[in-house]
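S.K.: Pasting the sequence and the predicted coordinates here, then a few questions.
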Amino acid sequence: MRHLLTLTLAQPPLFSFKECLWFLDRGYDDCLYRIHEGSISKPLVLANGEVIIVQVSELGSSLKVAVLGQDSERIESSTQEIIDYVKEWFDMDRDIAPFYQLLGQHRLLHFMPERYAGFRLIGIRSLLEALCWCVIGQQINLSFAHRVKRNLVTTYGTPIETDDYTYHLSPSAEVLAGLSREDLWPLKFSRQKSDYIIGIARLMAEGKLSRKQLEALPTFEDRKKALLEIKGIGAWTANYVLMKSFAEMRCITYGDTGLNQALKSIAGIGPKPKKEEIDTFFAPFVGWESYLVFYLWRTLS
DNA sequence: TTCCAGGCAGTAG
DNA sequence: CTACTGCATGGA
C-alpha cells in the first residue's frame, strides 16, 4: 500500500471534526478503524473492487483525506466516490442549524449547541456491518460487545496490511452465510445471536436483503417494517440501523438503555419510560429525532 | 449470589 | 400497546 492521493474537503458550518473523533475514540478500541495522532483511518472497498485506506484528519479549516492503495491508475476515477464516503461518514452535507434552533429553545437541552458544537451523526455505511453490530450489542454491555465484534472481525474479516498497522474489513455476507451456528459460539456469541447473524447474512448473500432494496421502498415506515420482519431485528435494531446506515432522521431507539439513562438523568423520565413518554419528549424535534438520540448518547460518556 | 448491560422472540392480556 | 418469560455472556 502506498500513498495515492490527498483530497481536501471544506468543513461545513456547525461541524467539528474533534467532536466526531471524540465520539469514535471513547475508549472501546474499535477494530474497524484506527485513531492515531488526530486522524482516523479505515479500509474501504471501492465500487471497482479495489481496497483502499482512507485517512481523515484536520488541516486548518479543512479536512484532509489521504488515500492509500495499490493501483494508482484507476484511483482518479474514484475520487468522487471517496469524497462522498467521507461526507456520508460524518454527515457533512446536512445543515443542522434548525436542530440547534430547537435545542436552544428547549428548557432542558439548551446547553447542547454550545457544549457539543459541531457533533455529527457518525454513519456506518455497510448495512451488514451495522446489522452485525446491533445483534452483537443486544443486551450486553458495550465493552463486551466490542470484544465480540473483534472476535468476529479478526476471525472472519479480511486483514489489510500496511507498513505500520493491520486493518480489517468486516466479514462479507458470503463468508458469514457459509458458517454454521457452532462456528460462532467460541467467539462468545449466544445461540440466538449466532442464528440471527447467519440468517441475516444468508438473506443478503441470496440477494433477499440489500441497501438498494430497502432504499427503493417509498417511506421510512416501509423500510422499518421490512427490517422488523427479519429474525433478530427488533424495534431497537431497526431504528439503529436506519439511523446509522441510512442516515434516516426520524429514528428513536426505543428500549435503548443508553437513551433511557440519558432521559433519566436529564429529564427525570423513567427509569423505564413508556413509548408515549419518550414520544412526548421527542415531540418538539420532529425530523431531528435521530440527532436528538445521538446527542443524548453524547451526554453519557 | 444477584443484578444488569446500547434486546429479541414468544405468549398473554 | 404493555407485561411477562427464557435466552446467553461476563463484569460489578
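M.R.: Structure's in. What do you need?
S.K.: any idea where the helices of the stretch 101-250 of chain A begin and end?
M.R.: Secondary structure of the stretch 101-250 of chain A by DSSP state H, counting those that start in this stretch: the helices cover A:112-115, A:127-137, A:142-156, A:173-177, A:181-184, A:191-205, A:211-216, A:220-228, A:235-246.
S.K.: helices or strands up against the third one?
M.R.: If I follow you right, that is helix A:142-156. Judged by 3 or more CB pairs under 8 Å, 6 or more residues apart in numbering; DSSP states H and E, helix A:142-156 is in contact with helix A:127-137. Yep, even glycine has a C-beta here, placed from its N, CA and C like the rest.
S.K.: now with 10 Å?
M.R.: Judged by 3 or more CB pairs under 10 Å, 6 or more residues apart in numbering; DSSP states H and E, the packing partners of helix A:142-156 are helix A:127-137, strand A:166-169, helix A:173-177, helix A:181-184, helix A:191-205.
S.K.: Quick check: which of these is buried the most?
M.R.: helix A:127-137 (a mean of 23; mean count of other CB atoms under 10 Å).
S.K.: what about it, near DNA strand B?
M.R.: Yes. Residues of helix A:127-137 contacting DNA strand B under CB under 7 Å from any atom of the strand: A:134, A:137.
S.K.: Check which helices and strands that helix is in contact with.
M.R.: Applying 3+ CB pairs under 10 Å, 6+ apart, one finds that helix A:127-137 makes contact with helix A:142-156, helix A:173-177, helix A:191-205, helix A:211-216, helix A:235-246.
S.K.: how far does it sit from the chain's center?
M.R.: 9 Å (CA atoms, centre = their mean, to the nearest Å).
S.K.: Could I get the contacting residues of the closest residue to DNA strand B within the stretch 151-300 of chain A?
M.R.: DNA strand B sits closest to residue A:234 of the stretch 151-300 of chain A, with a gap of 2.7 Å, by CB to the nearest atom of the strand. Taking CB atoms under 10 Å, 6 or more residues apart in numbering, we find residue A:234 in contact with A:134, A:138, A:227-228, A:254-255.
S.K.: so which of the helices of the stretch 101-250 of chain A gets nearest residue A:282?
M.R.: Closest to residue A:282 of the helices of the stretch 101-250 of chain A is helix A:235-246 (CB to CB; 11.9 Å).
S.K.: and the next element down the chain from the closest one?
M.R.: helix A:257-267 (DSSP states H and E).
S.K.: interface residues of chain A facing DNA strand C?
M.R.: Counting by CB under 7 Å from any atom of the strand, chain A comes close to DNA strand C at A:139-141, A:143-144, A:185, A:188, A:190-192, A:274-276.
S.K.: any idea how chain A splits into domains?
M.R.: The record assigns chain A these domain ranges, following automatic domain parsing: A:2-93, A:127-246.
S.K.: Can you give the distance from the shortest one to the centre of its chain?
M.R.: The chain centre lies 14 Å from the centre of domain A:2-93; the measure is CA atoms, centre = their mean.
S.K.: who's sitting farthest from the centroid in chain A?
M.R.: In chain A, the residue that sits farthest from the middle, by CA atoms, centre = their mean, is residue A:73; the gap is 30.9 Å.
S.K.: can you confirm that one is in a helix?
M.R.: No. Counting by DSSP: H, G, I helix; E, B strand; the rest coil, residue A:73 falls outside a helix, being coil.
S.K.: In contact with it, which residues?
M.R.: Residues near residue A:73 by CB under 10 Å, 6+ apart: residue A:4.
S.K.: Please apply the same query to residue A:230.
M.R.: Contacts of residue A:230 (CB under 10 Å, 6+ apart): A:131, A:196, A:199-200, A:203, A:208-209, A:237-238.
S.K.: Pull the most distant pair out of these.
M.R.: Using CB to CB, those span at most 17.5 Å, a distance reached by A:208 and A:237.
S.K.: Would you mind telling me which of the two has the busier surroundings?
M.R.: Neighbour count, other CB atoms under 10 Å: between residue A:208 and residue A:237, residue A:237 has more, with 24 against 10.
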